[in-house]
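J.: below are the sequence and a predicted model for it; my questions follow.
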Amino acid sequence: MSEHTSARGRGIRFEQVTVAYDGTAVLEDFDLEVEAGEVMALLGPSGSGKTTALRAVAGFVRPARGRVRIGDRDVTDLPPHARDVGMVVQQYALFPHMRVADNVAFGLKARRTPRGQVAERVAEALEMVGMGGYARRYPRELSGGQQQRVALARALAVRPGVLLLDEPLSALDARLRSGMLAELDRLHRELPDVTVLYVTHDQVEALTLADRVAVMDRARLKEVGTPWELYRAPRGSFAASFVGSANLLPVTRAGEGKVRFGDTELRVATPGPGATPGPGAGEAAATLCVRPHRIVLGDGGANVLRGVATAVQWRGATHRVAVEVAGHEVVADVPESASTPHVGDRAAVSFAAEDGVLLDD
Amino acid sequence: MSEHTSARGRGIRFEQVTVAYDGTAVLEDFDLEVEAGEVMALLGPSGSGKTTALRAVAGFVRPARGRVRIGDRDVTDLPPHARDVGMVVQQYALFPHMRVADNVAFGLKARRTPRGQVAERVAEALEMVGMGGYARRYPRELSGGQQQRVALARALAVRPGVLLLDEPLSALDARLRSGMLAELDRLHRELPDVTVLYVTHDQVEALTLADRVAVMDRARLKEVGTPWELYRAPRGSFAASFVGSANLLPVTRAGEGKVRFGDTELRVATPGPGATPGPGAGEAAATLCVRPHRIVLGDGGANVLRGVATAVQWRGATHRVAVEVAGHEVVADVPESASTPHVGDRAAVSFAAEDGVLLDD
Amino acid sequence: MLVHTRKGRWAVWAVFAVVFVPLFALPLLVIATASLSTNWSGALPSGPTGVHYASATRGESLAALSVSLQTALLASVAALAVGTWAALSAASLGRRGRRLMDALFMLPVAVPSVVVGLAVLVAYSRPPVLLNGTRWIVMLAHTVLVTAFAYQSVSAALARLDPAYAQAAASLGARPWYVLWRVKLPLLLPSLTAAAGLCFALSMGELSATMMLYPPDWMPLPVQIFAATDRGSLFTGSALAVVLMAATSLVLLAVSRIRTRASYR
Amino acid sequence: GGTGSAAAGDDKVVTVYSADGLKGERGNGWYDEQFEAFERETGITVKYVEGGSGEMVQRTEREKNNTQADVLVTLPPFIQQADSKGLLRGYAPEGAAHIPESERPADGHYTPLVNNYFGFIHNTEKLPKPPETWDELLSKKYEGKLQYSTPGVAGDGTALLIKAIHDFGDRKRAMDYLGALQKNNVGPSSSTSKLAPKVDKGELLVANGDVQMNYAQAETMPHLGIFFPAAKKGAKPTTFALPYTAGLVKGGPHTENGEKLLDFLLGERPQREVSSVGGGFTVRDDIEARDDQAEELAALMKGVEVFRPDWEEVAGDLDSYLSGWKRATGS
Amino acid sequence: MTETLASRRPAGPRVRARSAAQRPGGSARTGRVWLWALPPLAVLAVSFLHPLVLVVRESFSGGTAAYRQVFGSEAFTDALATTVALALGATLGCVVIGFALALVVAFVPFPGSRSVARFIDVFLSFPSFLITLALLFLYGTVGMANGLWTGVTGAEEGPFHFLTTPWGVLLAEVTYFTPFVMRPLLAAFAQLDTAQLEVASSLGARPARIVRQVILPEAYPALMAGGALVLVLCLNEFAIVLFTGAKDVVTLPMLVYSKAILESDYVSACVVATVDVVLSVGLYGLYRSLTGRSSRRARAHA
Ligand SMILES: Nc1ncnc2c1ncn2[C@@H]1O[C@H](COP(=O)(O)OP(=O)(O)OP(=O)(O)O)[C@@H](O)[C@H]1O
Ligand SMILES: Nc1ncnc2c1ncn2[C@@H]1O[C@H](COP(=O)(O)OP(=O)(O)OP(=O)(O)O)[C@@H](O)[C@H]1O
Ligand SMILES: [Mg+2]
Ligand SMILES: [Mg+2]
């Protein structure tokens, strides 16, 4: 892996991009900067506009307003083939009449890669996604996951400066997926200049692979930050609940470092990055975010909530215990080995002061 | 939800089913019984034949050998429409010329559901997948996840006796997915006679929804059991590593309840359900399976392994710590809150005797 | 969506015009102009006039037009039905069976239409089936002549049809005919309408076989156009041709209005 | 004609198969007028089919097992051909007595209806003076500017052969001449009528035609002139009659009505209108038309020798004529 | 316009898995399938095959003498060669031009491009002899084109003299038959998965490559079917040839016509017709097997 000169250091910038279908905006005033060489994960509910954002970068859809830049070029009016992006689309869109190898070679040939190199790079890309043995198959002769891997190989083979991945691993099993994640990671280390915009609905994928995560909701960007920031100190309840699971408790502020949840007074260490303790802050309503795995059974923590266990679900490595407290369900993920209450039992859960994050909304 | 008489109590039985494409078997001597009203999850690597198994039940592919039964009928030679199955295929296959509502109504109309009921059942099914507002759209006007939900609604609307779901939630984000899982679960409680064969690559899906899990590998059935069995007491290393993550340590047996890993002697409580302590068992090679989340940092457990930390990865709720012990990487998932060693530090990990499972192979 | 730059698009359109205008637009324009001229002796026509249209919309011509429309309508519907049926059943045959069907349904266009006309006339001028002298023989011949086109279009489209749709439908409990009616045919609709239009237009313009067959009370318009031009009344013939084409385009327009959502574009 | 509506009462109809030319495309031709008058007079509707002169014979023959036509009208030699195939039956219409006997066959199987003559046309603008003899047509100035309809394909092409053979005296000389003419000839033309517009436009200088048709065409084609080349310098220009000839079809469904129609068409009034309405010449020798058209037509034919080919022989020898012509011209 | 077109998303996944096993060779099943093919076959047999058989029988009514005579004649062999050459040329022209025009209409649409496509369809209803006539007015020696030329340059004669050569026939046939290619092509284009075009383009493929490697293979069956039709139609086109009137353009159907109608030699006409049918079917078969091979390469198993 040596040459990929065209790719050097080109970030992506959305400037007030609005995309509309039949008058309804499915991407609205979208502002986002992905820095050169960065891996940005795009998270958001189904239909929130993630694919649309990618399509705007690839040039498949023209924004009604706003500009898209790649590096220092304004590409808004550029045709897709001049943008030097590689994309894996959600439905793969493999060329049905070409064998796997030809599918992967397509982009290379389109870019006039010397003939000698094509075969080698095709083999390399297929090997990377574990599809080396399927080069002579037609797409319709592959399973869903195999097709997806070919689509990924096809985009990787051209080593574009910008890689747009729309749920590229959604059809793969956990093991293969983590293998592929490792491959992508390795690739990114080898080609640190490649900028990656990555749509996923898998938390672990987003958290482990991405440098930063952008959370979208209903055509708009909600929050951007490093995985750590979003996970530990989200600003809004949407991002909080979308990145990882979260208990969002409606509380009222009760003075510096204190909130009230039902009858219980809770201590919180961080007032939340953007919390504005304005004049009426003393009694203002707020939301407290506590991650389920930060909640332990029993009353050992700083903040103790008491209620009735309403559900216990075994999830492999953990049990998820739901406890109803003051009319709200508080969920705790406890290690599988911990002993869990029975449904209907009275139960206490607790969490440390620094694990409660006060949100803006 | 009242009538679904045709559906009463019909299980699925694969009897030595072999399916071959161009001479290579992609499903081989497949023997599996899904009981009436049971939810069976099909797990397996990409290309292992899961979709093919479903297609054999639906009647899209004819086995070269073997029989498929639904209830007490041999359906091997029956056309798809006579089988009373509902299927969500991996690629959705929504009818592009029909609006969402018509797509969902298709099966109902095909089965001559009284006109009055159709609209109601369509609305109900769409509501269930959260697509109530999209009834008048065409499939191409939907996002990937929305399309998938319509496909699911289409299959659910007919309330077939047998439901075949091929990765029905793969395009959905975690939150929506767990909502849909809950819906599926509720549906199954309401229609307890529906037999479900469910392909997924999501562990949590498999473990929480399924009554039993079948693990496939390379066209063959590897292991069947309840999620708990497969998770806690897998027989083979394939199933062990496929259902949940697993440390598979090569060990030699060192007498009753003891094995040797490198220089260390480890205690194991269960000899593994099928372990045959035969004559040479005293020195035989075996594999020990330990789940990462059952391993704790430090030397507090019964079995202590010492080595050097090689990687620490933050995964949201947990840290994954890899420690190299006797040339093997041992992975531990420790709570996020635990303090983790630095890479390169010496580290000890330990696990309880009952958390080590000796495998057959 | 293929050419993204404005300049490129204009270039493509220019090339399109260069091919399109002399090859298609001008000939039609000439006919249209001729239909409005009194004579055309030099490079350009002279004497704009509407008298040719007056005679072209006379009772007899209108009757001929209506004959043509009825014939074409019936022939294209029949051809579409037979051709589609044949193509559908051919698709479920093996490779060799399909080849055979292809060849058989191709035959009518492989026979010079003069011969088709004569052969049909010979075959149906003798008992037990006496069709000569009736309008049915014209419709029969037209159907024979255009069925091949319906068959071809539909079977080409079938080859591209994704089997996943039919499978999904079947798994929802739809019987084969229901799948056919609600899934396959709608998905084929773009091709079906294309085929119907093709058949209709062809039948509207058919002359060689019709000449041999048409009964006195069933004279299609092309025969009349031929009769007019054959005696040198080029301009009246042109006017009749314009009427013929106008009627055809109207029908084609209507057919193309059969919107189908099966097309992605 | 083509009506598109259901046929009138079954026994009050007569079906005519005819070579094209006598029906006006604006409903003002000779047939149009006469058929209307006939229906007024007898209450019998005429159902009419037209086509090429050979085609109509072919069609009548193909329908032999379920004959539709009552009257067949076509040109020689096709009417003779039809007769020799046994498609016609004898009938002497009322007016037939006034037709010169030489124009009628002994068995009375057919009768001429409307007379017409073979002729040539030239572009009066670019070639104000038509060539007088056949030989002039060999001149270089006609290269690519001359065309005649193909013998064997178009009836008029065959007629040209007949005139050439007559003028040159024997077949060989005629064929040699046509062989020499080939270098000026543009090529075959299936239909004579297509040649007139070409001549009018100046695309061609000279082509063949027939008097009745060209006369009618001259209305819209101002540069059209009719002429008859002579055998050699000084000789009289020649032509011959190509009459529309009618016969009763054997086994026709309404033969009686057919007889009535023939009687009517050979009647005095219709025959008088042949020139004024049809642009042709009456076949009856007892009628002299006096309208403008008739005078103009008569002026055209003035000084032209009209010969009479032996149609029986032509019909029999047509094949050898054609192969001779093909050999001579390399077509 | 382009935006909205580009933005439509394909709804259809393209699962093309189809197994050999899906069409089991069980004889009962095959029988049933043939049963379904029966009605259209019966219609064809009654309406067409039966008359055709009569023609073939007629051609043998005098034994093979008529055949020997026809094959012996130079006119026939010349006509044969001309027919084949013209048909091949016109087919090539129609396929190339039809494909190019359809591409523009479907993928580089301009306001009114749909109506242009429909406009071309109108040629189907054109009695084909009128095209020859129109071309005469346009490109005849004193037609518009030459008239303009001489008017502008003052030259004696214009440059266009091809009308009475085979090229004139070719031009007329291309004009007349191109819609036969365009119609099925436009239908096929309409169903092309847009996502494939998008992906190809983002992989760096320029329009030419996309056309060649993505669109063409997908539209190939339709294109080839259209081509096959045109080939056979050209082999049997008669009116255009008849009305062009060129020295060296005599084709088999014309021979049939003149034999049957004018020479009243029905037996020879049937012989030529039979030969023509055999030729058409043969060429068609050859064409299909040539194009079929590459189409199978393009879309194996489809
Ligand atoms: N039409 C075909 N021709 C040849 N091989 C095929 C065909 N369809 C599937 N296969 C092969 O059969 C195997 C099993 O395919 P299947 O679709 O059942 O896998 P799967 O378990 O569903 O995988 P995934 O999780 O990737 O969807 C794969 O290796 C695939 O390549
Ligand atoms: N062609 C179209 N016409 C109308 N609406 C459309 C069209 N394509 C997409 N949409 C709508 O735009 C919104 C955003 O779509 P998009 O594909 O970007 O979502 P997404 O975030 O990728 O969702 P998913 O995770 O489900 O793939 C959706 O609500 C969808 O219904
Ligand atoms: Mg999406
Ligand atoms: Mg699958």
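T.: Arrived safely. Ligands and ions are numbered 1, 2, ... in the order given.

J.: shouldn't C:Leu198 be in contact with C:Val154?
T.: No. Counting by C-beta atoms under 8 Å, no contact exists between C:Leu198 and C:Val154, whose distance comes to 10.9 Å. All C-beta spots, glycine's among them, are computed from the backbone N, C-alpha and C.

J.: quick one, helices of chain A?
T.: A:50-58, A:100-110, A:115-128, A:144-157, A:174-190, A:203-209, A:227-232, A:237-242 (DSSP state H).

J.: for chain B, which of these is the nearest?
T.: Minimum separation from chain B across those (C-beta to the nearest C-beta) falls at helix A:144-157, 2.9 Å.

J.: overlap in contacts, C:Leu198 and C:Val154.
T.: Between them, C:Leu198 and C:Val154 share no contacting residue under C-beta atoms under 8 Å, 6 or more residues apart in numbering or on different chains.

J.: buried set for stretch D:142-150?
T.: Within stretch D:142-150, the residues scored as buried using 16 or more other C-beta atoms under 10 Å in any protein chain shown are D:Tyr142, D:Gly144, D:Lys145, D:Leu146, D:Gln147, D:Tyr148, D:Ser149, D:Thr150.

J.: stretch A:27-47 now?
T.: Across stretch A:27-47, burial judged by 16+ other C-beta under 10 Å covers A:27-28, A:30, A:32, A:34, A:36-47.

J.: likewise stretch D:181-192?
T.: The neighbour-count check on stretch D:181-192 (16+ other C-beta under 10 Å) flags D:Leu181, D:Asn184, D:Asn185, D:Val186, D:Gly187, D:Pro188, D:Ser189, D:Ser190, D:Ser191, D:Thr192 as buried.

J.: surely the first one meets D:Leu137?
T.: Translated: D:Leu181. Yes. Between D:Leu181 and D:Leu137 there is a contact at 6.2 Å, judged by C-beta under 8 Å.

J.: any residues in contact with both of these two?
T.: Contacts common to D:Leu181 and D:Leu137, judged by C-beta under 8 Å, 6+ apart, are D:Leu146.

J.: indicate the residue of the stretch 201-350 of chain A located nearest to ligand 4.
T.: Relative to ligand 4, the nearest point of the stretch 201-350 of chain A is A:Asp202 (17.8 Å; C-beta to the ion).

J.: flag the shaky bits of the chain, pLDDT-wise.
T.: Went with chain A since none was named. A:1-9, A:270-283 (pLDDT under 70).

J.: oops, wrong one, chain E.
T.: In chain E (pLDDT under 70), the answer is E:1-31, E:244-248, E:261-264, E:292-302.

J.: center of it, which residue is that?
T.: E:Val230 (1.2 Å; C-alpha atoms, centre = their mean).

J.: how close does that residue sit to E:Glu173?
T.: 8 Å (C-beta to C-beta, to the nearest Å).

J.: quick one: stretch C:71-87 near chain E?
T.: Yes. Applying C-beta under 8 Å from any C-beta of the partner chain, one finds that stretch C:71-87 is in contact with chain E at C:Val82, C:Gly83, C:Trp85, C:Ala86.

J.: so what's residue 110 up against?
T.: Defaulting to chain A. Counting by C-beta under 8 Å, 6+ apart, A:Ala110 has contacts A:His81, E:Ala200, E:Leu203, E:Gly204, E:Ala205, E:Arg206, E:Arg209.

J.: I was after chain C.
T.: Applying C-beta under 8 Å, 6+ apart, the residues contacting C:Ala110 are E:Val232, E:Leu235, E:Asn236, E:Asp276, E:Val277, E:Ser280, E:Val281, E:Tyr284.

J.: show me the residues you listed that map onto helices.
T.: Checked against DSSP H, the contacts of C:Ala110 include these in helices: E:Val232, E:Leu235, E:Asp276, E:Val277, E:Ser280, E:Val281, E:Tyr284.

J.: tell me the phi and psi of the residue of chain E most remote from its centre?
T.: Relative to the centre of chain E, and counting by C-alpha atoms, centre = their mean, the farthest-placed residue is E:Gly154 at 40.4 Å. In terms of degrees, to the nearest 10, the main-chain angles of E:Gly154 are phi 80, psi 10.
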